[in-house]
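[1] A predicted structure for the sequence below; I have some questions about it.
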Amino acid sequence: MRFVIFVAPVFSPAATQMIEAALELPQVRLGVVAQQPREVLPAHVADRLAAHWRVDDVTDAGALEGAIRALAAQHGPVARCFGAYEQLQLPLALARERLGIPGLSSDAAQLFRDKARMKDRLRAAGIPVARHRLVTSRDDALAFIAEVGFPVVLKPPAGAGAVATQRIRDVAALDAMLARYRATPADPMLAEEFLRGTEHSLETVSVDGHAVWHSLTRYAPTPLDVVEHPWMQWTVLLPRDIDAPHYDDIRDIGARALAALGMDTGVSHCEWFRREDGTVAISEIAARPPGANITTMLSRANDIDFVAAWVRVMIDGTFAAPSRKYAVGTAYLRGQGTGQVRAVQGLDQMRQELGALICDARLPYPGQFPTGSYEGEGFVIVRHPDTDVVQHALQRIVSTVRVQLG
């Protein structure tokens, strides 16, 4: 029996699903390190754990190392230790190295986490990325803008994904951003060239440093456009044919990028652009499974449990490549106006037109408080063997369903 540790800050539905998937693997005794007590888990899950250890902050590498040492002292050597939370990847890597547990190195984890260092490494390896600079002052930012021109993209030091990322079109917007998010030499802001084109993601499964499987999506509109325009309902399309020749460049560039960053075994999520001239540029890469329902979409497209597949990759280092059966898409339903959800229009029409295509949904309901996220108040996932059918269904959903706030 192998003793394996899964780490998560809280027992969210996604984390609980990952724990259950690990519990299903043969010859595995599972321990969990988290900020919540064991009792927060459903009883049928908590009762099957071999161990649990609570810490105040799972991103504290020292506290994490102490918890893993304590569990190892009680339950024997730790074969694997992993988690999916983005901010956890570097502390996990540091703790694994100190304890001699296999996994992604701390050098690689730092590259995946520090987007400026990531872009420096990719550019040095000949991988196309947006021009960028760490800025610590208004003068720094203006000097960068003089090189690349407006607009630019600014990512605050404490920014959380696209929510805090802003497109800066003029000096007034720059000054407002700098007033809101203070950049310092110890905690600089990342300025990037604004890439024009279509935005996509590339999901890759790697085993022992080799990319063994991939998938692709397209965002419409881009997440940054969605953040800037609260009325926009956006979509993510996962096409059925991911091996078409027009994807040859991103498959090659994605594999080269992962090799340059030191990816070993795991799942990665790469955001990239197809620029207006047809060329590719990498935006950023995370050494974790994707969010925004893409993991669920991968499951539906391939008729597998992709969460369970990721857990097997992390524990066993094996991946059985599935056969793509469907195109899949997600339409995100965002509230219009302010206040709580007052009404949801168009649901009956959507069900009548597209009911046979819908495979998952979380629908907004009257009285619901807005999430405050660009993913909105609900979503609908559709699938069909024909990509064009899925694309049309996504457009019908976002043009038919209206979530009114008030």
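    Thanks, I have the structure now.

[2] List of residues touching stretch 349-360?
    Stretch 349-360 has contacts (Cβ atoms under 8 Å, 6 or more residues apart in numbering) with 293, 296, 300, 328, 379-384, 389-390, 393, 396-397, 400-401. Quick note: C-beta positions are derived from backbone N, CA and C, even for glycine.

[3] Narrow the residues you listed to those in strands?
    328, 379, 380, 381, 382, 383, 384 (DSSP state E).

[4] Determine which two of these are furthest apart.
    379 and 384 (17.0 Å; Cβ to Cβ).

[5] Among these two, which residue is more densely surrounded?
    Between residue 379 and residue 384, counting by other Cβ atoms under 10 Å, residue 379 is the more crowded of the two (23 against 20).

[6] who touches residue 268 in this structure?
    112, 203, 204, 206, 258, 285, 286, 287, 288.

[7] Relative to residue 147, how far out is it?
    30 Å (Cβ to Cβ, to the nearest Å).

[8] before we move on, what about residue 272?
    For residue 272 relative to residue 147 (Cβ to Cβ), the value is 22 Å.

[9] Of these two, which one has the most company?
    residue 272 (26 against 11).

[10] any weak-confidence spans in the chain?
    Scanning the chain with the threshold set as pLDDT under 70 gives 157-163.

[11] Break down it into its helices, ranges please.
    Taking DSSP state H to define them, one finds helices in the chain at 13-23, 43-46, 61-75, 89-99, 106-113, 115-124, 138-148, 171-180, 223-228, 248-261, 294-302, 306-316, 347-354, 387-400.

[12] need those helices in CSV with distance to residue 193, can you?
    Listed next are these as CSV, based on distance: least, Cβ to Cβ, whole Å:
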stretch, distance to residue 193
helix 13-23, 33
helix 43-46, 46
helix 61-75, 33
helix 89-99, 26
helix 106-113, 20
helix 115-124, 10
helix 138-148, 5
helix 171-180, 15
helix 223-228, 13
helix 248-261, 17
helix 294-302, 25
helix 306-316, 33
helix 347-354, 39
helix 387-400, 29
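
[13] all strands for the stretch 151-300 of the chain, in order.
    Counting by DSSP state E, counting those that start in this stretch, one finds strands in the stretch 151-300 of the chain at the ranges 152-155, 166-168, 189-193, 197-207, 210-220, 235-238, 266-275, 280-286.

[14] Looking at those, which is nearest to residue 374?
    Using Cβ to Cβ, those put strand 210-220 closest to residue 374, at 10.6 Å.

[15] Okay, now the sheet partners of the closest one, with direction.
    If you go by DSSP bridges, strand 210-220 pairs up with strand 197-207 (antiparallel), strand 235-238 (antiparallel).

[16] from those strands, which stretch is densest packed?
    strand 235-238 (a mean of 24; mean count of other Cβ atoms under 10 Å).

[17] Skip the chain neighbours and tell me the closest residue to residue 113.
    Distances taken as Cβ to Cβ, 6 or more residues apart in numbering place residue 90 nearest to residue 113, at 5.1 Å, with adjacent residues excluded.

[18] quick one: the one you found and residue 106 touch, right?
    Yes. Under the criterion of Cβ atoms under 8 Å, residue 90 makes contact with residue 106 at 6.5 Å.

[19] Look at the two and report which has more neighbours.
    Using other Cβ under 10 Å as the criterion, residue 90 and residue 106 rank with residue 90 on top: 22 against 19.

[20] From residue 137, how far out is residue 185?
    Distance from residue 185 to residue 137, by Cβ to Cβ: 9 Å.

[21] Give me the common contacts of the two.
    By Cβ under 8 Å, 6+ apart, no residue touches both residue 185 and residue 137.

[22] higher neighbour count, those two?
    residue 137 (14 against 9).

[23] Does that one touch residue 183 like I think?
    Yes. With contact defined as Cβ under 8 Å, residue 137 reaches residue 183; the gap is 7.0 Å.

[24] which residues sit in contact with the residue nearest to residue 269 when sequence neighbours are not counted?
    Nearest residue to residue 269 in three dimensions, chain neighbours excluded: residue 290, at 4.0 Å (Cβ to Cβ, 6+ apart). When contacts are counted by Cβ under 8 Å, 6+ apart, residue 290 is found next to 201, 203, 267, 269, 298.

[25] Among these, which pair sits farthest apart?
    201 and 267 (12.0 Å).

[26] and the end-to-end length of stretch 348-368?
    Taking Cα to Cα, to the nearest Å, stretch 348-368 runs 19 Å from one end to the other.
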